[in-house]
Each structure stands twice: as C-alpha cells, then as structure tokens.
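A.B. asks: Have a look at this prediction, sequence included:
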Protein chains: 2
Amino acid sequence: MKVISLNATVTESNDRDAARVRARMKKSGALLINLMSSPGAGKTTLLSRIITDMRDERIGVMEADIDATVDAERIAALGAKSIQAHTGGMCHMDAGMTEAALDALEGDEGDLIFLENVGNLICPAEYDTGAGLNMMILSVPEGDDKPLKYPLMFKESAALVISKLDALPYFDFSVEKCSERAKKLNPAIKIFPVSAKTGKGMEELENWLRERLADWRKN
Amino acid sequence: MKVISLNATVTESNDRDAARVRARMKKSGALLINLMSSPGAGKTTLLSRIITDMRDERIGVMEADIDATVDAERIAALGAKSIQAHTGGMCHMDAGMTEAALDALEGDEGDLIFLENVGNLICPAEYDTGAGLNMMILSVPEGDDKPLKYPLMFKESAALVISKLDALPYFDFSVEKCSERAKKLNPAIKIFPVSAKTGKGMEELENWLRERLADWRKN
C-alpha cells in the first residue's frame, strides 16, 4: 500500500486540471467516483461492502486524509488496490491532487475507481476533482436537517447514500424528510438508503453503479 | 433572533483580532467558549441541555452556519439569548467574524457565551476565534479512530465531550481507546463522556464549566 503526500494547486487552474483528469479517465474507460461525507459517516465501511459484493469489477480506492493510514489498510486487507493520500492539512482534494493520486494508484487500469475524499461536508463540494460521478453519504445519526445546513454538497452529488440505516430505531431521523429536503436542492439526485452492516439496500446501489459504468463507457 | 452575514478577514490579522476579542471578554467577565465538532455530532443538543440545566448562569449562543437558522431557533425556543451567523460559505469562524457576532449578540452581558462553530473537524481548529476555551464534541457513531485522522482539533481543545453515549450498545466504539488516542495528542485534555438525551455525565461537564468561569474571572 502506497502513502503519498500531496500539494494543493492554485484554484484558478483547477477547472483545467479537472477537465484533463476527466478526459484521461474517459480514455481509460475507468469510472472515477468522488465519495464525500462528514467524518465517521461510513465511507470506508460502504466501500468495503461494495468491494466484497462486486468482485467481478476491478475496484481501486484512493483514500484521502489529513493524517493516518487506517482507511487504506482496511481496504488493502480486502485485496483491493488502494493508496493513502495525505493532503498536508488541506480539507479537500482538488483535481491536481487527484491526478497525482491516480498516478500512484495506476487508476487507469480498473473499472470503478473511488476517491474517498477528506471527511468534511463543506470544502470537498467546492472543488471539481475531475471525477465522472459525485456521490455523498449522510449517516442516520447525523440528522435529517443536514440538507438545510450544507446545501452545496447535496447540489453537487448525483447520488445520496443514507447510511447506517440499521441505527434508525435509535435516532430521530426521517428518511422521507431528508429525501424531500435533498430533492428540493437537487431534483435529479438518486437516493439510496442502505445499511452496509446488514446489506439492506446495497443491491440497488451496486446495480446503479454498474449502470453508471456502462453509461460512462458508452458516451 | 438576529441573523447576520459575516465576511472573513485576512489570515495575517487573525491573531491580532483574536487577542482583541480575548481582552474584551476578559474585561466583561464573560467566558467565550468555542464549541467545535463534525456536522451532526450534537452541538445544539448539548447546548440545549446545558441551557436547561444551568438556569442560574446567563448563557448566550452564537450559531455559525453556512446556511439555515434551525439551530438558533432551537436555542431561542429555550429562552436563551441567541443569534444566527451566516459564514457566507466559509468552513470556519475567524476572530473578526466572532467579534461581529459578539456585537450582534451583546455577548459582553453574560456568564457563558458559546460560539457553536461550523460543523467541521478540520478548518475551525486552524483559526483562533479569541475564545477563552476551546471545546470539541465527538459522537459515538463517528467512531473512535477520529483522533488519528483529525489530530489538530484534539490538540487545540481543552475538553473533549464524547456525545451520544446512549448509542454505545449499537456501535463499535471504545471510550477507552478514543480517550487514549486523544490523550496521546494532548495529555492535558479533559474528557467527558455524556448523553444529552439521558443526562448521563452532564453534571461533571457543567461543574467543570462553572470552575472554568470562576478561573477566567480570577486570573
């Protein structure tokens, strides 16, 4: 498992960098998915489940963190290709950093390449990483009011995964209210309530990912 | 309940602004507490409990959010003085923004003045707000590995509140492991495991806050 240290690029050139990353992934046929959420919403647990369930696809994972290598170690233990990227204190990944991480992972050789962004509901939504798909997780314990408070991430995501659904009996969280609030910000957003622990809802999400990959290769 | 919009000041002058805020609060005798955590860790719920329990103290709350006024409305409903500050997309509060919020709240007239910072484990730890006390919350569902991944906030906080303790049976979280990891980063950190829902551990935390207020006025 590789650990790399990244440097942020200047904001002005990020759109150009993102376009270059997107063209590169288009050429390779691998779909790059930018996965965003709060700290502790269950990004790594969701990815672990997807890796275990989707053995037929070549999956790679770039773990972005300020510090530590715990997430990349969890992914590597499942036999998936993974690298740990350290953002040098930065609260998000930009396109240039993503490009360096893709080089380290050799991410062109794959089907689904996940970028597990830094745990943060704000900054990652502001930077185009060059991904073909933005996906976010909101976990049940965080509360159904989050679309009201962090609207940009809900606007920028093609899919919202509502995670830790098994914890629903213990928290005051309405899937319906949360979905309504998310759809008000982004009417096209796909919503997948799941429990990576019990497996509930995972099949729908995984089928959708397969469709997105087929679309990416077609268009 | 007031809603104000804030503009970030340049980083270079933040230390000067923070020193000015601290001197102002010292003069007034009110203790400014900067409360930080991830989105959905339970900042507003903890404050609601503190307000209800500590009726003998004059408590004021400045709610900082990118958008929405839900938190300030919850606090105002309890009869406490509160304002909502909008950060204009910024992922943290700086000292100049805190000063403007204090003006809007008339925060010099009080005992404990809480700044509920933007939900984020990264950026708020990087900016001195001028508070007399930094306090952070980590909720049980977020996981006990967070000190490894977001070390700066644990280093900058005088106290760590481990919240949602009532959810402990449903999550793989070790209070002991989390405390060890936090103390490795910051040996002096005080740790308060609490449930704002059941009230467990709240008395210890509230007594400590009273002591901190007495100290602030003495020194």
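C.D. replies: Perfect, thanks for sending it. Residues are numbered from 1 along each chain as shown, chains lettered A, B, ... in the order given.
A.B. asks: Show me which residues of chain A are close to chain B?
C.D. replies: Within chain A, the positions lying close to chain B (Cβ under 8 Å from any Cβ of the partner chain) are A:38-40, A:65-68, A:70, A:89, A:91, A:118-123, A:126, A:139, A:141-143, A:145-146, A:148-152, A:164, A:166-167, A:170-171. For every residue, glycine as well, the C-beta is placed using N, CA and C.
A.B. asks: Weed out the non-buried ones from those.
C.D. replies: Neighbour counting with 16 or more other Cβ atoms under 10 Å in any protein chain shown marks A:38-40, A:65-68, A:91, A:118-123, A:126, A:139, A:141-143, A:145-146, A:148-152, A:164, A:166-167, A:170-171 as buried within the residues of chain A next to chain B.
A.B. asks: Mind checking which of those residues are in helices?
C.D. replies: Those of these mapping onto helices are A:146, A:148-149, A:151-152, per DSSP state H.
A.B. asks: pLDDT added to those residues, as TSV?
C.D. replies: Shown next, in TSV, are those (pLDDT from 0 to 100):
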residue	pLDDT
A:146	96
A:148	95
A:149	93
A:151	96
A:152	96
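A.B. asks: could I get these as TSV with distance to residue B:23?
C.D. replies: Formatted as TSV, those follow (distance: Cβ to Cβ, whole Å):
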residue	distance to residue B:23
A:146	37
A:148	36
A:149	32
A:151	37
A:152	36
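A.B. asks: Of the residues you listed, which is the nearest to residue A:2?
C.D. replies: residue A:152 (31.2 Å; Cβ to Cβ).
A.B. asks: Which residue lies closest in space to the closest one, excluding its sequence neighbours?
C.D. replies: The shortest distance from residue A:152 to any residue other than its chain neighbours is 4.4 Å, reached at residue A:125 (Cβ to Cβ, 6 or more residues apart in numbering or on different chains).
A.B. asks: Tell me how far that neighbour lies from residue B:139.
C.D. replies: Per Cβ to Cβ, to the nearest Å, residue A:125 is found 22 Å from residue B:139.
A.B. asks: In strands only, show me the residues of chain A next to chain B.
C.D. replies: Secondary structure from DSSP state E places A:65, A:139 of those in strands.
A.B. asks: list the contacts for the most centrally placed residue in chain A?
C.D. replies: By Cα atoms, centre = their mean, the mean C-alpha position of chain A lies nearest to residue A:35, the distance being 0.9 Å. Going by Cβ atoms under 8 Å, 6 or more residues apart in numbering or on different chains, residue A:35 touches A:43, A:46-47, A:114-117, A:135-137.
A.B. asks: Now do the helix or strand containing it, average pLDDT.
C.D. replies: If you go by DSSP states H and E, residue A:35 is part of strand A:31-36. Mean pLDDT, strand A:31-36: 98.
A.B. asks: Let me know the secondary structure of residue A:113.
C.D. replies: At residue A:113 the chain is in strand, as set by DSSP: H, G, I helix; E, B strand; the rest coil.
A.B. asks: any idea how far it is from chain B?
C.D. replies: The spacing between residue A:113 and chain B, counted by Cβ to the nearest Cβ, to the nearest Å, is 22 Å.
A.B. asks: Look up the pLDDT of that residue for me, please.
C.D. replies: Reading off the model, residue A:113 has pLDDT 98.
A.B. asks: Given the strand or helix carrying residue A:84, what are its sheet partners and their directions?
C.D. replies: Per DSSP H and E, residue A:84 falls inside strand A:81-86. Next to strand A:81-86 in the sheet, as set by DSSP bridges, lie strand A:2-5 (parallel), strand A:59-65 (parallel).
A.B. asks: Let me have those strands in a markdown table, adding mean pLDDT as columns.
C.D. replies: Output for those, formatted as a markdown table (pLDDT from 0 to 100):
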| stretch | mean pLDDT |
| --- | --- |
| strand A:2-5 | 76 |
| strand A:59-65 | 96 |
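A.B. asks: Most tightly packed of the ones you listed?
C.D. replies: Highest mean neighbour count among these (mean count of other Cβ atoms under 10 Å in any protein chain shown): strand A:59-65, with a mean of 27.
A.B. asks: what's the angle from it to strand A:31-36?
C.D. replies: 30 degrees (axes from the mean of the first three to the mean of the last three Cα atoms, to 10 degrees).
A.B. asks: Other residues contacting strand A:59-65?
C.D. replies: Here strand A:59-65 has contacts from A:30, A:44, A:47, A:50-51, A:69, A:71-72, A:75, A:80-87, A:93, A:97-98, A:101-102, A:104-107, A:109-119, B:149, using Cβ under 8 Å, 6+ apart.
A.B. asks: of those residues, buried ones?
C.D. replies: Neighbour-count burial (16+ other Cβ under 10 Å) is assigned, among those, to A:30, A:44, A:47, A:50-51, A:69, A:71-72, A:75, A:80-87, A:93, A:97-98, A:101-102, A:104-105, A:107, A:110-119, B:149.
A.B. asks: just for chain A, where's the confidence low?
C.D. replies: A:1, A:7-12 (pLDDT under 70).
A.B. asks: Let's see that with 90 instead.
C.D. replies: A:1-13, A:66-70, A:88-90, A:219 (pLDDT under 90).
A.B. asks: pull the longest helix from it.
C.D. replies: Ranked by residue count and defined by DSSP H, the top helix of chain A is helix A:202-218.
A.B. asks: Give the other helices and strands that that one contacts.
C.D. replies: strand A:31-36, helix A:43-53, strand A:159-163, strand A:190-193 (3 or more Cβ pairs under 8 Å, 6 or more residues apart in numbering or on different chains; DSSP states H and E).
A.B. asks: which of those sits most buried?
C.D. replies: Mean neighbour count (mean count of other Cβ under 10 Å) peaks for strand A:31-36 among the helices and strands packed on helix A:202-218, with a mean of 26.
A.B. asks: What pairs with that one, parallel or antiparallel?
C.D. replies: Here strand A:31-36 has these sheet partners by DSSP bridges: strand A:112-116 (parallel), strand A:133-139 (parallel).
A.B. asks: What's the end-to-end length of stretch A:51-61?
C.D. replies: Terminal residues of stretch A:51-61 lie 10 Å apart, using Cα to Cα, to the nearest Å.
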